[in-house]
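*Asks:* give me a model of this one.
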Amino acid sequence: MTYRLSFTEDPAEFLAVAGEHLAAEPVLNTVLATVATRAAAEDASGTPRPDHPRWWVSVLDADERVVGVAMRTAPFQPYPLYVLPMPDEAARLLAAALVDRGEDVPASNGALPAARVVADEAARRAGGTAEVTEHMRLFELEEVVEPPVPPGRLRVATGDDAGLCLEWYQAFEAAASEQAGRPHRVGFGEHFDEAFIEGRIAEQRIHLWETPGGDVVHLTGANVPAYGVVRVGPVYTPKEHRGLGYASAAVAEVSRQVLATGNRPCLFTDQANPTSNRIYQAIGYEAVVDMANHVIR
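*Replies:* Purely as a prediction, here's the structure:
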């Protein structure tokens, strides 16, 4: 089979080419669809484009049908690729194309086996090896299984909560690594700033659990809908408040709200974190696909 790669730095152009493909399996494609949709909206509003690598690629077969997609848009080191399902031959073609155009490929994340095929081919061409750093799993929920509800209530974050929300968004990556028994790599992972948090609060995309005494003990975020899917996360509880049911109750309520709007909730877990995998499945989330993050050395 012959495949053609269509690269673009314009998210609107990418969505015009790949939109039908994204819509066909919107849960599987949630990250890429959300990122491209948000980037297109930012471009339309005149927001300056970032100075890190930012492109999308559609894989087309001999009949000009899109059979795979990938992107490089992560605003954090090592600026990994994000690869979704595509034929193995197309995945190797993508890796070769990146090497041929002189683009460094230090990491490849995404759905298996495509992300691994890209990583292995890029490593082979660079004379290195590809290693898995995280095993991820994508889940979808169709119906909430009600968990026990701890004292307090879930509420939408306000501007007064911005400082705390920023602190907890920034703490999430290190906490997730600790819970998975994995060393935290300082300087790697998504960067959050005040403007990001203010935007999410304005969109009412951050929810907080507040105790009867007024203490905020938990945060659950959610992304804007893309093709009828809302990705829930991050989910963060400070260590001193864990094990009390806040995450289960908050994620269940946010997921219920997503379903009530006619959208489909999904989320990612780290397979090395037994707690998160257990609590999300207990409230009704079911596995969709396994993913992995690879580094190339």
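
*Asks:* quick one: residue 199 is in a helix?
*Replies:* Yes. With DSSP: H, G, I helix; E, B strand; the rest coil as the criterion, residue 199 is located in a helix.

*Asks:* measure it to residue 192 for me?
*Replies:* Per Cβ to Cβ, to the nearest Å, residue 199 is found 11 Å from residue 192. C-beta coordinates here come from the backbone N, C-alpha and C atoms, glycine included.

*Asks:* equivalent analysis for residue 124, please.
*Replies:* To residue 192, residue 124 is 35 Å away according to Cβ to Cβ.

*Asks:* these two: which is more packed in?
*Replies:* Using other Cβ atoms under 10 Å as the criterion, residue 124 and residue 192 rank with residue 192 on top: 20 against 16.

*Asks:* domain map for the chain?
*Replies:* Taking automatic domain parsing as the criterion, the chain consists of the domains 4-128, 153-290.

*Asks:* what packs against the strand or helix carrying residue 165?
*Replies:* Per DSSP states H and E: residue 165 is located in helix 162-179. Counting contacts by 3 or more Cβ pairs under 8 Å, 6 or more residues apart in numbering; DSSP states H and E, helix 162-179 is packed against helix 194-202, strand 216-222, strand 229-236.

*Asks:* alpha carbons only: can I get the second one in PDB?
*Replies:* This means strand 216-222. Taking Å, rounded to 0.1, in the frame of the first residue of the first chain, the C-alpha atoms of strand 216-222 are listed here in PDB:
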ATOM      1  CA  VAL A 216     -10.800  23.100  49.300                       C
ATOM      2  CA  VAL A 217      -9.400  19.500  49.200                       C
ATOM      3  CA  HIS A 218      -9.500  18.400  45.600                       C
ATOM      4  CA  LEU A 219      -9.400  19.500  41.900                       C
ATOM      5  CA  THR A 220     -10.800  17.900  38.800                       C
ATOM      6  CA  GLY A 221     -10.300  19.500  35.500                       C
ATOM      7  CA  ALA A 222     -12.100  19.000  32.200                       C
END
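
*Asks:* picking that back up, so which of the domains of the chain is nearest residue 137?
*Replies:* Of all these, domain 153-290 sits nearest to residue 137, with 5.3 Å by Cβ to Cβ.

*Asks:* can you give me how far the closest one is from the chain middle?
*Replies:* With Cα atoms, centre = their mean, to the nearest Å as the basis, domain 153-290 stands 12 Å off its chain's centre.

*Asks:* how about stretch 98-108?
*Replies:* Computed by Cα atoms, centre = their mean, the chain-centroid distance of stretch 98-108 equals 21 Å.

*Asks:* for residue 266, see how far away the most centrally placed residue in the chain is.
*Replies:* The chain has residue 31 as the residue nearest its centroid, 4.8 Å off, counting by Cα atoms, centre = their mean. For residue 31, the distance to residue 266 (Cβ to Cβ) stands at 10 Å.

*Asks:* average pLDDT across the helix holding residue 165?
*Replies:* When pLDDT is averaged along helix 162-179, the result is 87.

*Asks:* same check on stretch 237-249?
*Replies:* With pLDDT averaged residue by residue, stretch 237-249 scores 96.

*Asks:* hey, what's residue 155 bridged with?
*Replies:* residue 208 (DSSP bridges).

*Asks:* which residues does it contact?
*Replies:* By Cβ atoms under 8 Å, 6 or more residues apart in numbering, residue 155 lies in contact with 207, 208, 210.

*Asks:* my read: the second one touches residue 161, true?
*Replies:* Yes. Between residue 208 and residue 161 a contact is recorded at 6.3 Å, counting by Cβ atoms under 8 Å.

*Asks:* neighbour count winner among the two?
*Replies:* Ranked by neighbour count (other Cβ under 10 Å), residue 208 and residue 161 place residue 208 first, with 22 against 19.

*Asks:* identify the residues contacting that one.
*Replies:* 154, 155, 156, 157, 161, 165, 216, 218, 219, 220.

*Asks:* farthest-apart pair in those, please.
*Replies:* 154 and 165 (14.3 Å).

*Asks:* neighbour-wise, which of these two wins?
*Replies:* Per other Cβ under 10 Å, whichever of residue 154 and residue 165 has more neighbours is residue 165, with 25 against 19.

*Asks:* quick one: the more buried one from residue 16, how far?
*Replies:* As defined by Cβ to Cβ, residue 165 lies at a distance of 34 Å from residue 16.

*Asks:* tell me which helix or strand of the protein sits lowest on mean pLDDT?
*Replies:* Within the chain, no helix or strand scores below helix 162-179, which has a mean of 87 by mean pLDDT, DSSP states H and E.

*Asks:* what's the average pLDDT for stretch 23-40?
*Replies:* If you average the pLDDT over stretch 23-40, you get 96.
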